[in-house]
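Participant: Dropping the sequence and predicted coords here.
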Amino acid sequence: MEWLPRFHSAMERQSQAVVDLAEASKTSQETQESTLAVVRAISKETDRQSEEMQELKSQGSEMLALLRALSAGEGKN
């Protein structure tokens, strides 16, 4: 039965490997969740900036139309 201590030691190493794998998996999941939260925040900010740019573009178009109208009015005088 001299193999019994080696078998016991191998089983302990295997058990520790399973525990280590479970901890690594948990850490990986936490990292994925954190990354996903950052991606969502970036996406939300990008959407907000896109809306702001559309608003600025619209205001710029309105100002350009007003300037053209004013310029056309000056040409009539």
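Facilitator: Cool, got the structure.
Participant: which SSE is the residue nearest the centre of the chain in?
Facilitator: Against the mean C-alpha coordinate of the chain, by C-alpha atoms, centre = their mean, the closest residue is residue 39 at 0.6 Å. Following DSSP states H and E, one finds residue 39 within helix 3-76.
Participant: Against residue 27, how distant is residue 20?
Facilitator: 11 Å (C-beta to C-beta, to the nearest Å). C-betas here are computed from N, CA, C, even on glycine.
Participant: so where is this structure shaky, pLDDT-wise?
Facilitator: By pLDDT under 70, the weakly predicted segments of the chain are 75-77.
Participant: 80 instead, please
Facilitator: 1, 74-77 (pLDDT under 80).
Participant: Around residue 70, how many other residues sit close by?
Facilitator: 10 (other C-beta atoms under 10 Å).
Participant: separation between residue 58 and residue 67?
Facilitator: Between residue 58 and residue 67 the computed distance is 15 Å (C-beta to C-beta).
Participant: now do residue 9
Facilitator: Counting by C-beta to C-beta - residue 9 and residue 67 are separated by 85 Å.
Participant: How about residue 10?
Facilitator: Going from residue 10 to residue 67 by C-beta to C-beta gives 83 Å.
Participant: Neighbours of residue 23, how many?
Facilitator: Residue 23 - counted by other C-beta under 10 Å - has 10 other residues nearby.
Participant: cool, the one 5 residues further on as well?
Facilitator: The burial metric for residue 28, expressed as a neighbour count using other C-beta under 10 Å, is 10.
Participant: and it, how far is that from residue 16?
Facilitator: 18 Å.
Participant: ditto for residue 27
Facilitator: Distance, residue 27 to residue 16, by C-beta to C-beta: 16 Å.
Participant: Kindly report the same for residue 66.
Facilitator: Distance of residue 66 to residue 16, given as C-beta to C-beta: 75 Å.
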